[in-house]
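S.K.: Provided below for reference: sequence and predicted model.
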Amino acid sequence: MPQNPIDVEPIKVLITDDHVLYRAGVKTALSAKKDIKVIGEADNGMHLLNMLKLVQPDVILLDIQMPVMDGVGALPEIKKNWPHIKVIMLTMMDDHSMITRLMELGANSYLSKTSDSEIIYEAIKTCFESEYYFNALTNKALLANLREKHSTTPQKIAQQEANLSDKEVLVLRLMCEEKSTKEIAEIVELSPRTIEAIRDKLKEKTGAKTTAGLILFAVKNKFINEE
């Protein structure tokens with residue numbers, strides 16, 4: 001039974017960045033949103049990890065470059081100890097190999113620090129509801145990195161090797177189109193719980209550890225167009 005929007009708890013967000021003014025600006029912008037609650041701020045990765053022992057956000061905004069411990073060092077620790085927390089990486093760098101590495105480590109999105117507050121808000125909402133927020137930065141990086149590192153396999157061979165059913169292939173394609181679990185369930189006429197089970201089965205069959213890993217598998221094996 002879907003919850004009434006009035007009854008839904010706000011999404012708890014923790015901002016981690018060593019620039020006080022940036023944190024203040026993001027916090028002010030997000031505080032204007034009724035469905036977001038900023039529950040804390042940290043100025044480096046170590047500070048963040050200590051805070052997580054006391055407070056549990058739904059989503060962390062995590063800067064990549066910080067003193068003491070940077071975002072790259074903190075991300076695997078967060079995912080190992082608090083796998084349910086979604087992590088959105090923030091950076092001034094447009095580095096394709098770094099973006100791909102972070103997505104493979106479990107990052108749920110990757111945003112430029114020049115992104116306006118509405119983009120940050122949209123990323124938080126999408127990661128919380130659908131696990132991942134893909135944008136031009138992440139898509140270009142994933143595709144560029146795959147073109148460099150992998151030779152592509154014809155789709156049918158990949159499907160047979162991974163032993164994917166036509167239904168699983170359809171669900172995988174819909175995931176690549178950024179459809180939510182609910183939307184996929186409606187399209188294929190199954191329950192959201194069944195779609196989640198198919199997603200888990202896809203991870204098992206393809207060896208992917210995360211949904212981003214499934215997207216990588218789909219792109220690499222030409223289940224979606226590289227456009």
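M.R.: Received, thanks. Numbers count the residues shown, from 1 in each chain.

S.K.: avg pLDDT for whatever helix or strand Leu214 lives in?
M.R.: Element membership of Leu214 [criterion: DSSP states H and E] is helix 211-220. With pLDDT averaged residue by residue, helix 211-220 scores 78.

S.K.: Quick one: name whatever helix or strand follows the strand or helix carrying Ile99.
M.R.: Per DSSP H and E, Ile99 falls inside helix 96-104. Later in the chain than helix 96-104, the nearest helix or strand by DSSP H and E is strand 109-112.

S.K.: Show me the strands paired with that next one, marking each as parallel or antiparallel.
M.R.: strand 86-91 (parallel) (DSSP bridges).

S.K.: Same question for the partner strand: list its buried residues.
M.R.: Using 16 or more other Cβ atoms under 10 Å as the test for burial, strand 86-91 gives 86-91. Quick note: C-beta positions are derived from backbone N, CA and C, even for glycine.

S.K.: ok, back up a step: output the helix holding Ile99 as CSV, restricted to C-alpha atoms.
M.R.: Taking C-alpha atoms only, helix 96-104 is exported to CSV below (Å, rounded to 0.1, in the frame of the first residue of the first chain):
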residue,chain,number,x,y,z
HIS,A,96,36.2,9.7,-16.7
SER,A,97,38.4,7.0,-15.1
MET,A,98,37.8,8.4,-11.6
ILE,A,99,34.0,8.5,-12.2
THR,A,100,33.9,4.9,-13.3
ARG,A,101,36.1,3.8,-10.4
LEU,A,102,33.8,5.5,-7.9
MET,A,103,30.7,4.0,-9.5
GLU,A,104,32.3,0.6,-9.3
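
S.K.: Could you report the neighbour count for Arg101?
M.R.: Neighbour count for Arg101, taken as other Cβ atoms under 10 Å: 15.

S.K.: Just give me the neighbour total for the residue nearest to it when sequence neighbours are not counted.
M.R.: Closest residue to Arg101 apart from its sequence neighbours, by Cβ to Cβ, 6 or more residues apart in numbering: Val72 at 7.9 Å. Residues lying near Val72 (other Cβ under 10 Å) number 18.

S.K.: Then the one 5 residues further on?
M.R.: For Glu77, the number of neighbouring residues by other Cβ under 10 Å comes to 15.

S.K.: mind listing what it touches?
M.R.: 45, 49 (Cβ atoms under 8 Å, 6 or more residues apart in numbering).

S.K.: C-alpha coordinates for the host helix or strand of it, PDB please?
M.R.: Using DSSP H and E, Glu77 sits within helix 71-81. Output of helix 71-81 as PDB, limited to C-alpha atoms (Å, rounded to 0.1, in the frame of the first residue of the first chain):
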ATOM      1  CA  GLY A  71      36.000  11.000  -0.500                       C
ATOM      2  CA  VAL A  72      37.700   8.200  -2.400                       C
ATOM      3  CA  GLY A  73      39.000   6.800   0.900                       C
ATOM      4  CA  ALA A  74      35.800   7.200   2.800                       C
ATOM      5  CA  LEU A  75      33.400   5.700   0.100                       C
ATOM      6  CA  PRO A  76      34.500   2.000   0.500                       C
ATOM      7  CA  GLU A  77      34.200   2.300   4.300                       C
ATOM      8  CA  ILE A  78      30.700   3.700   4.100                       C
ATOM      9  CA  LYS A  79      29.600   1.000   1.700                       C
ATOM     10  CA  LYS A  80      31.200  -1.700   3.800                       C
ATOM     11  CA  ASN A  81      29.700  -0.600   7.100                       C
END
